[in-house]
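Q: the amino acid sequence is not available; the structure is as follows:
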C-alpha cells in the first residue's frame, strides 16, 4: 500500500465521522491557541523591553549617578569643606570621556519646571543634555530638529505624550479626566516656563495667568537681600521639535522634555545668581557650592564587549553604575519564568486535547475492527496499518494547529487593540503586549502535529495487535 492510498483512507475515515473529528479538532484548536497567546504575552513584554533598551541608548549604554543617591545631588557633610559624596561635574565628564573604549560621555541635568499656556498648566521634568547626548537618543522627531546651541534662547523637544500633562487651572481637569486634548500646538505655540516651581506653587495668590512680556509672573519669591518679594521669573520658550507618535504610542520619551544643556545652565545661573539652583548641592550653611553638578552621566562604550570593563572602572572610582546590558539580563531571567508559567497554563489545554485525540482514535479502532481484519487478511502490513492511524491523528493535530494559530492572531490583535484603547499602558510601556513571531507559529504547528501523533501511537499499536480472524468475526 503506497502513501497515496494511506492518505486517501485516512482522510475518508475522518470525513465519515465529521462531528467527532470536528470536536477533536476543536480541542486541539483551543489548546494551540492557548499556548500561542500565553507565550505571545511574554514575548510582547520582552519586545517592549528591547524597545525600551534601544530608546535609552542600546546595550552599550551606561548610566552613572552619584555615590549616595539616585540623582547625584547631595549636600556637603565634612567639616573641613571636602566633599564626602561623589558628584558628577565637568571634571569627571572630561576624565571619563578620555577613558579607553569610551565613545561618549554626555552629562544630564534634570529639573522640574512648570509650563503655562493660556488657562492650561503642566509640571514636567526638563532634561538638559549636550548636542551629542541628544543625538545618541536617536529620537524620531515627527516635526522640527534638535535644539540649537549658543543662541541664548531655550528651545524644547517635547515627547509625543507631553500634551496629556496639561490640565485646566480652574477646574483641574486634564486629558485623563475629559478625554480631550488641550487646544495647544506644542510645535507652533509659545509657552511660558517657570523653573522656581517651589515658590510658584507655594504662593496661594498664584492666578495662572500669562503676562504679556514673558518675564513677570503672578507667583513671587523672597529676595534674601531686601526681604521683599519679587515676581517669579517666567521665560518664553518654543519647541524645536516634537517626538513622532500618537497619544497611544508609549515609549521612554513619551512625556519627556529635552533642551540644550549649556543654554539651560546659562539661564539658571542668571536667574539664581548668588542663590542655590534647584537640584544643586549646598553647604551646611545653605550656601551654593562652586561649580555645576549634573544629575547623571550617560556613557556609551565603543563595543558591547567593553561595557562591563568600562562600568567596573567607573564603579571603582566610587560612582553608582547601571548598564542596559545588566538590566536586560536580569529582566530576561524574569521573563523566562513568566513565559514558562504562561506556556504551562496553555499546555494544560493541549494535554486535554491530546486525551481527546487518543479517545477518538480508540473509538475509531473499535468501530473499524472488521475493516482492520480484512486489511490484514488481504496482505496489508502491520506498518501500513500503524501509519494509517498515525496519519489520521496527525491530520487532526494539523487542522487544529492551523485553526488555532488563526484564532491566536485574532485574539492577539484584539488584546492589543483593547489594551491600547483603554490607556492601561500609560505607565510608559509599549501598547503591543501580545507579539506572535513566525517561529512561534511554526513551532506550535509542529507541536500540535506531534501531540496528535503521540496521542495516536497507542491506539495504532492496538490496531496492529488485533487478530485478523477475530477481527473479521467481530460484529
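A: Ah, there it is. Just so we're clear, the structure is a prediction, and the values are computed from it rather than from any experiment.

Q: can you name every helix or strand that the top strand by length along the chain contacts?
A: If you go by DSSP state E, the chain has its longest strand at strand 102-117. Contact analysis of strand 102-117 by 3 or more CB pairs under 8 Å, 6 or more residues apart in numbering; DSSP states H and E lists helix 90-97, strand 120-129, helix 131-136, strand 191-194, helix 197-202, helix 261-271, strand 296-301 as its packing neighbours. In short, each C-beta sits where N, CA and C put it, glycine included.

Q: now with 6 Å, please.
A: helix 90-97, strand 120-129, helix 131-136, strand 191-194, strand 296-301 (3 or more CB pairs under 6 Å, 6 or more residues apart in numbering; DSSP states H and E).

Q: for the second one, list every residue counted as buried.
A: Same thing as strand 120-129. 120, 121, 122, 124, 126, 127, 128, 129 (16 or more other CB atoms under 10 Å).

Q: need those residues in a markdown table (columns: pLDDT).
A: Shown next, in a markdown table, are those (pLDDT from 0 to 100):
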| residue | pLDDT |
| --- | --- |
| 120 | 93 |
| 121 | 93 |
| 122 | 93 |
| 124 | 93 |
| 126 | 94 |
| 127 | 94 |
| 128 | 94 |
| 129 | 94 |
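
Q: format these as TSV; extra columns: distance to residue 253.
A: Listed next are the buried residues of strand 120-129 as TSV, based on distance: CB to CB, whole Å:
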residue	distance to residue 253
120	21
121	21
122	16
124	12
126	13
127	9
128	15
129	12
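
Q: which one of those is nearest to residue 456?
A: Proximity of those to residue 456 (CB to CB) peaks at residue 127, which lies at 61.6 Å.

Q: who touches the closest one in this structure?
A: 108, 110, 258 (CB atoms under 6 Å, 6 or more residues apart in numbering).

Q: can you map out the strands along this protein?
A: Using DSSP E, strands in the chain cover 61-65, 102-117, 120-129, 141-144, 155-158, 167-168, 191-194, 220-222, 229-231, 235-243, 257-260, 296-301, 320-323.

Q: what strands flank the longest one, and is each parallel or antiparallel?
A: Strand pairing for strand 102-117, determined by DSSP bridges: strand 120-129 (antiparallel), strand 191-194 (antiparallel), strand 296-301 (antiparallel).

Q: how's the protein carved up into domains?
A: Listed domain ranges for the chain are 3-53+330-473, 61-302 (source: automatic domain parsing).

Q: can you put the ones you listed in JSON lines and add distance to residue 310?
A: Below are those laid out as JSON lines (distance: least, CB to CB, whole Å):
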{"stretch": "domain 3-53+330-473", "distance to residue 310": "17"}
{"stretch": "domain 61-302", "distance to residue 310": "5"}
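
Q: ok, which of those comes nearest residue 320?
A: So among the domains of the chain, domain 61-302 is nearest, using CB to CB, at 4.6 Å.

Q: off-centre distance for that closest one?
A: 25 Å (CA atoms, centre = their mean, to the nearest Å).

Q: just among the contacts of residue 127, which is most surrounded?
A: For the contacts of residue 127, neighbours were counted by other CB atoms under 10 Å; the highest total belongs to residue 258, with 26 neighbours.

Q: now do the contacts for that one.
A: 127, 157.

Q: rerun that using 7 Å as the cut-off
A: Applying CB atoms under 7 Å, 6 or more residues apart in numbering to residue 258 gives the contacts 127, 129, 134, 156, 157.

Q: save the residues you listed as a markdown table, and put in distance to residue 294 too.
A: Below are the contacts of residue 258 laid out as a markdown table (distance: CB to CB, whole Å):
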| residue | distance to residue 294 |
| --- | --- |
| 127 | 11 |
| 129 | 10 |
| 134 | 15 |
| 156 | 19 |
| 157 | 18 |
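
Q: between those, which sits nearest residue 90?
A: Using CB to CB, those come closest to residue 90 at residue 129, 14.3 Å.

Q: which residues does that closest one contact?
A: Neighbours of residue 129 in contact, by CB under 7 Å, 6+ apart: 106, 108, 258, 261.

Q: quick check: bridge partners of the nearest residue to the last one once chain neighbours are set aside?
A: The reference is to residue 261. Residue nearest to residue 261 in three dimensions, not counting chain neighbours: residue 128, with 3.9 Å by CB to CB, 6 or more residues apart in numbering. With DSSP bridges as the criterion, residue 128 is bridged to residue 109, residue 259.

Q: I figured residue 128 hits residue 264, correct?
A: Yes - under the criterion of CB atoms under 7 Å, residue 128 makes contact with residue 264 at 3.9 Å.

Q: next, count neighbours for residue 344.
A: 11.

Q: same question but for residue 93, I mixed them up
A: So residue 93, with other CB under 10 Å, has 18 neighbours.

Q: residue 349 versus that one, what's the distance?
A: 56 Å (CB to CB, to the nearest Å).

Q: let me have the strands paired with strand 102-117 in JSON lines, extended by distance to residue 10.
A: JSON lines is the format used below for the strands paired with strand 102-117 (distance: least, CB to CB, whole Å):
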{"stretch": "strand 120-129", "distance to residue 10": "65"}
{"stretch": "strand 191-194", "distance to residue 10": "72"}
{"stretch": "strand 296-301", "distance to residue 10": "59"}
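
Q: to residue 244, which of those strands lies closest?
A: Here strand 120-129 is closest among the strands paired with strand 102-117 (CB to CB), at 18.3 Å.

Q: quick one on the thing from earlier: quick one, the longest strand of the chain and strand 61-65 angle?
A: 70 degrees (axes from the mean of the first three to the mean of the last three CA atoms, to 10 degrees).

Q: test for you: state the pLDDT assigned to residue 72.
A: The model reports residue 72 with a pLDDT of 44.

Q: now the one 4 residues further on
A: Per-residue pLDDT puts residue 76 at 42.

Q: how about residue 194: what's its closest non-neighbour residue?
A: The nearest residue in space to residue 194 (CB to CB, 6+ apart) is residue 114, at 4.3 Å.

Q: tell me which of the strands paired with strand 102-117 sits nearest to residue 97.
A: Closest among those, once you apply CB to CB, is strand 296-301, at 8.5 Å.

Q: residues in contact with that closest one: which ones?
A: 57, 60-65, 72, 88, 93, 96, 101-108, 133, 136, 307, 310.

Q: which parts of the chain are helices?
A: Ranges of helices within the chain are 3-16, 18-55, 90-97, 131-136, 175-178, 197-202, 261-271, 307-316, 324-367, 369-377, 382-422, 438-465, 468-473, based on DSSP state H.

Q: got TSV for the contacts of residue 129, with pLDDT and distance to residue 151 too?
A: TSV is the format used below for these (pLDDT from 0 to 100; distance: CB to CB, whole Å):
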residue	pLDDT	distance to residue 151
106	92	20
108	94	21
258	95	16
261	94	14
